[in-house]
Structure formats: C-alpha cells, structure tokens
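Engineer: structure of the sequence below:
(chains A and B)
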Amino acid sequence: MQLPAIFRTGVFQVTILYVVLFGVSVATLGWFIYRSTVGYLQEQTDEVIIAETNGLDEQFSQRGLRGLVEIIDERGVGTDEERFAYSLIDLSNDGSFRRLAGNLGGWPARADVVNEWIEFQVPGRRPDDDLIPVRALVLSIPQSIPQSRYRILVGREIRELEQINQRFIRALTLGLGLTMLLALAGGLALAFSAQRRVVELNRTTRRIIAGDMSQRVPVEGVQDEHAELARSVNAMLDQIESLMAGLRHVGDSIAHDLRGPLTRLRARLELLADEDAPSQEQAAECLAQADGVLATFNALLRIARIETGAYRRAFEIIDLGPIVTDVADLYQATADDKMVELRRRIIDNTLVFGDRELLAQALTNLLDNALKHTPAGGHIALEVQRKGDRLVIIVADSGPGIPPDARERVLQRFARLDESRSTPGSGLGLALVRAVADQHDAELKLTDNAPGLRVMLSLPANTAPEPDASG
Amino acid sequence: MIRPDGEPKAVRVLIIEDDREVSSYIRQGLTQAGWNVDIADDGKDGLLMATTESYDALIVDRMLPGVEGLTLIRTLRASDNETPALILSALGEVDDRVKGLQAGGDDYLVKPFAFSELLARLEALIRRARSVGSQNETTLSLADLEVDLLKREVRRSGQKIDLQPREFQLLEFLLRHAGQVVTRTMLLEGVWNYHFDPQTNVIDVHISRLRSKIDKDFEKPLLHTVRGAGYRLST
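Structural biologist: Okay, here's the model as predicted:
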C-alpha cells in the first residue's frame, strides 16, 4: 500500500531530510552544552574527592594508621552536607574485613573493588527522607601499595548533581522533540502548498494532451520558480500551437496547390500514353511540367522548414553587406539586359545574426520580383541602412507597386496579384521572404515607393550603434 | 554516352540506398550513360562492398538501416578509403551540408533531385578524383581558349578577351569541368558560394554574356547549353 501522495512529494522528502539533519545538529549541540555544564560539575566533584584521598594518603605516611583513623573520625562528624563520606577497612585474605573508621554504616563495595569509582545510596537524615545518592572512590591506602590490606572509601553526596542532570536531559529531549515536530509540521505545510501547484500544472497539461490546445497553465500566486515554470510551459505551448497551425497550413497548401499542376501533368501523360508515336516534344513538355511541380514542391518544403525553425540552429554572426552585393552582382547582368538601373548603397558595419543562405535567397526573391515588375528605363534601389539598433535592407523599384489593401495578402503562399498571373513563377517568393524574416526577428514592410514598391526588411544589428553624423 | 575524358575503363558506381525505387531509378539512368552500377540496400552491406571492391564513386543515402550514411563514410575515410562519395539527404532533414562534408562526403544532394543534377555532380566528382594534381595549374585551356590564372587573362586564338571578375570565375569553373555537364546550382555553388536553387534564369544571363564574349566572334562554339540540365564547355 502506498503512502498518501503528500508524503511522496519532493518537498516533503527534503523536509524529512532536513528534520533529521537539524535533529542531529541540535542533539550534538545539546551534548556539548551538557558536557560543559553537568559534565563539568561531575568532574569537579570527582576532583574534590581525589584531592581528599591524596590528603589522607599523606596523613597515613606521616602519622600512620592511628593518625589516619583520628583524622577520619574527626572529619566524618557533623551534619554538614558538604562533608565527605568515609570508610576505612582492614581486608583479610579470605575477603572478610574489619571496619576501622568512617561515618558510613558499612562497606558498600565488594571486596575485590579497588581503585575504582562506585555509586551507592545511603538513607536520608530523617526516617522518611529519600535515599541519598553518593559517589565514592575506593582506593587502597597507602596508594603506593596497590594491594594493601587497608582500603579507604571517600565519597560525596551527589543528589543535587543528579537533579541537575535529570533536569538538563529532560529539557534537551523536550527541546529536540519540539524542534523536530515543528520542522515536520512546517514541511507538511510547504509540501501541501507545492503539491497544490504541481497538481494544477498536471491537470492543465493533461487537458492539453487530451487535445485542448487552447489551455494554458495559470500563473497567479507567489511569483517563484513555479510561476516561472508555468510561464515557460505556456510559451512552449504557444510555440507548439503555432507550429501545428503551420504544419496544417503547409499540408493544406501542398494538397491544394500541387493538385492542379499534378493533374495537368497526368493529363499530358495520359495523352502521351494514347499516342501511337509519342513525340520527343510531348515528352519534353511533360518533363517540364513535372519539373515545375517539383520546383514548387521544393519551394514549399523550404518555406516549411524555415518556418519550423530548423535553420535557426546554424545561425551565426554574418555580414549583410557582402550578401547584398553578391545578390546585386548576380542580377546586374539581367538588369542591364532589361535596361533597368540597379542603384546600390550599402553602409559599413552590417553585422547581423542569421543565416547567409536564407538571407541571400530572400534578397534574390525580392530583387527578382522587382526586376519582373520594373519596366525598361526604370530603376531599382538596393540599400542597407541603419536605423537605431536595426539594419534595414531596402529594395525599392519604380514599377507599378502594390495597392495598400493587397500588401498583406501578397505575403501569403500562392497569392498572386491579377497583373502578375501571366508572369512565370510559383507565387511563393514573398512567402519565403516572410518566413526568412520571421526567423531572423526581422520586420517586413511593404510601402509605396511613389512610384513603385518599397520593400523594407529590418533586422536587429549585431553591433552597438555608433554615433552617426547623418542620423 | 557520357564518359570522363580519355578513360577506357568503365565507370563503376555503388548506390547505397534502402529505397528500392530510388536506387533502381538512379541505376537505370547511370546504366544508360554507360556506367556499371551496383546497389546495396543497407548500411552494413554497403560498407562491406565499398571496402572490398573498388568503385569510382559512391552514392550514399543518409538514412540507412544498419550503418547510418554519415557513419559509413566516416568509417571509410578512417580506413583511408578516399572513394568520392555523394550524399543523398531525404525529406524532413535540415540541410546539413556541413555535417555531410565534415564526415568525409564530397558532395551533397537533397531529395527530390533531378537526375541530370545527380549525373552532373557525379561526373564532376569522378573527374576530380581521377585527375588529382591538376589543382595546382596556373593555366587552363580548351582548344584555342587559354586562361592564365595568375595574370587573370583570357585569350582565344591569341586574341585577348576582357572579362569582368565574375565572368572570369564562371569561365574558370566551366574549364575545370570541361567536357562535363554543369548545372545551374553547381554554378551558383561554385562561383557565388550559395546553395539554394535560384529558380530564375539569373545564371543563364551571365552565361549568355560570357558566351557572347568568348564564342560569338569565333568559328567554333565552346559553350553549349544542355537542355534540361545545364551547360557544358567542350569542343
């Protein structure tokens, strides 16, 4: 049988660990305090007893047995609780003894005990008093003769000491117990709180898994790492949702827009199959049609891959200037043939973070479009400018331009303006430019070049803006 | 019949591809070009065949059962096998040209591809492998066309021809691939160092300019258009 969930939370387990650690710390601290207080007192008592035995030992060497007996009898008298307990015996070989002096009733130790500490109890002063605990040292006297026939016992009452001891231990134990209990209670409270948020997160994600992509994890409450996690999960869900939408769109596009060309290809091939003598030309036409379909398919695929961020991993710091120059060079010949002037104006310091190929392809599409729509004698401006912390690529032509209401539509896949239906191309050029712009965190804007179309692609620059004289 | 210049030995190619349709499609085309073609349909067999037999070129698909495409090439290169390898990358993968070339591949083609593109690139690979050592020339020539790479001068029948820098690069590339079909994408890669399909006739315009400079006033045309494929500089 499993423990209730609350006890299985990470927070609770950490709490248990902490409670144990804390308990050990408190216990260790308690022991040190104990040693330095009660322990000290115990040591003191022992030292006093030892001092007394040493003193008695001296008396014996100076005055002999008789002197010792006298001293003991003298000191053992009195009701002062500060006095010692004494007992002096003469031990025979057979283990029996004869009491020589002392204020104890007998010999509380066994016969073979010598040079040891013992504890025992004596009756209280008054008849119904409690027994008094005594701690004593049993020595042979003189101490220089370890197995002397004379044994001496010197002790002191330790009732107060014992009481202090008990009080101390009781306090420590109580304190320790209380600490651990409080820690446990605190841990449980924390665990409840944490668990509640995790349960909420789980519930939301389960709903999402079940298909409700519109769900998001709640972010209210204490703004801690849980809230941060919730935010991240939500951002991820946004991303997933948009990717799914993108995929769906691609699937739709592919199905919808390749169906036509493929159907036409099939028709041609069918005609070809029916011919007795199919001509080279017919076959070539079919091939051209098939190539057209493949080209459209490749372009769609490229856009889809760009949109899923597949190329983002390879982004690096690149120089925009040379890319723009390359594309301009590529089209210079074509522009010359069409008698369209290609004007270039590229500033220095054109570093950006991105993909050289993608940007070149996007620019190619823009320049290609511009050339297609600019009549002979016109001009196309190809510029790279700086605006604040962004670099702006501008392709501005002197052609017919695009009416304002069509400017958004034209960025979608397969959108063609009516005028351009007669010109070759798959209508994917601008869609690719937009996909590339998105990946580069770039803003794509189409405006009126008065006359003509002005396309602006604004990317974050990769260097700090310098103080610029022209502004 | 397309054969690399002056080589009587028939070209042998190994296709390592698990998609039977693609491999037999390629084989058919290459056989028509007069080449001998073997097929391996998984990585392990492919590696075995590539190491035990000698081929002029390998066509290696990336996604293979057994040993993966790039691993296969790396293994070959590690055992000093320098057979030129053209890597095919299937749908759904990122254009990992760099990875493919780093693994030891010599060229990279993304599916779906046009067969003419494949053939042109294979020929270029084989030609390059068979004539190693011609990379350090200072002049290139074909018939009466001479190009001095150091002085950056072009002459035909002794007459000096003025070319713009980009036109010079274009001619140099075509000369290095003389006799072979060069596709538009190969030109964009070799001369401009971009790897996308321009899908426009931009390259064509540059070619026709070049042609007007080196062919127009001379008797024998050298720069030919190969329909559906690309261009070829040949006599």
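
Engineer: ok so residue A:106 is a strand residue?
Structural biologist: No. The assignment for residue A:106 (DSSP: H, G, I helix; E, B strand; the rest coil) gives coil, which keeps it out of a strand.

Engineer: give the burial count for it, as a bare number.
Structural biologist: A total of 10 residues lie near residue A:106 under the criterion other Cβ atoms under 10 Å in any protein chain shown. Every residue, glycine included, has its C-beta placed from N, CA and C.

Engineer: you'd agree it is up against residue A:87?
Structural biologist: Yes. With contact defined as Cβ atoms under 8 Å, residue A:106 reaches residue A:87; the gap is 7.5 Å.

Engineer: packing partners for the helix or strand of chain B with the lowest mean pLDDT?
Structural biologist: Using mean pLDDT, DSSP states H and E, helix B:97-102 stands out as the lowest-scoring helix or strand of chain B, at a mean of 82. In this structure, helix B:97-102 makes packing contacts with strand B:107-110, judged by 3 or more Cβ pairs under 8 Å, 6 or more residues apart in numbering or on different chains; DSSP states H and E.

Engineer: got the CA positions of the strand it packs on in CSV?
Structural biologist: What follows is strand B:107-110, C-alpha atoms only, in CSV (Å, rounded to 0.1, in the frame of the first residue of the first chain):
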residue,chain,number,x,y,z
ASP,B,107,29.1,16.5,-52.4
TYR,B,108,25.6,16.7,-51.1
LEU,B,109,22.2,16.5,-52.9
VAL,B,110,18.8,16.9,-51.4
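
Engineer: list the strands paired with it, with their directions.
Structural biologist: Next to strand B:107-110 in the sheet, as set by DSSP bridges, lie strand B:85-89 (parallel).

Engineer: what residues does the partner strand touch?
Structural biologist: Here strand B:85-89 makes contact (Cβ atoms under 8 Å, 6 or more residues apart in numbering or on different chains) with B:17, B:22, B:57-62, B:69-70, B:73, B:76, B:95-96, B:100, B:104-111, B:113, B:118, B:121-122, B:125.

Engineer: show only the entries of those residues found in helices.
Structural biologist: Of the positions in the contacts of strand B:85-89, B:22, B:69-70, B:73, B:76, B:100, B:118, B:121-122, B:125 sit in helices, assigned by DSSP state H.

Engineer: from the residues you listed, which one has the minimum pLDDT?
Structural biologist: Scanning these for pLDDT, the low point is residue B:100. It has 86.

Engineer: ok, how many other residues are close to that residue?
Structural biologist: Here the neighbour count serves as a burial measure; for residue B:100 (other Cβ under 10 Å) it reads 24.

Engineer: any idea how far residue B:86 is from it?
Structural biologist: For residue B:100, the distance to residue B:86 equals 10 Å [Cβ to Cβ, to the nearest Å].

Engineer: for the least confident helix or strand of chain B, buried residues please.
Structural biologist: Judged by neighbour count using 16 or more other Cβ atoms under 10 Å in any protein chain shown, the buried positions of helix B:97-102 are B:97, B:99-100.

Engineer: how far away is residue A:48 from chain B?
Structural biologist: If you measure residue A:48 against chain B using Cβ to the nearest Cβ, to the nearest Å, the figure is 86 Å.

Engineer: all the strands of the stretch 101-250 of chain A, residue numbers only.
Structural biologist: Taking DSSP state E, counting those that start in this stretch as the criterion, the stretch 101-250 of chain A carries its strands at A:116-122, A:132-140, A:150-157.

Engineer: and stretch A:339-353, how far apart are its ends?
Structural biologist: From its first residue to its last, stretch A:339-353 covers 35 Å (Cα to Cα, to the nearest Å).

Engineer: one step back: quick one, which of the strands of the stretch 101-250 of chain A is packed in tightest?
Structural biologist: Per-stretch averages of neighbours, counted by mean count of other Cβ atoms under 10 Å in any protein chain shown, single out strand A:150-157 among those, with a mean of 23.
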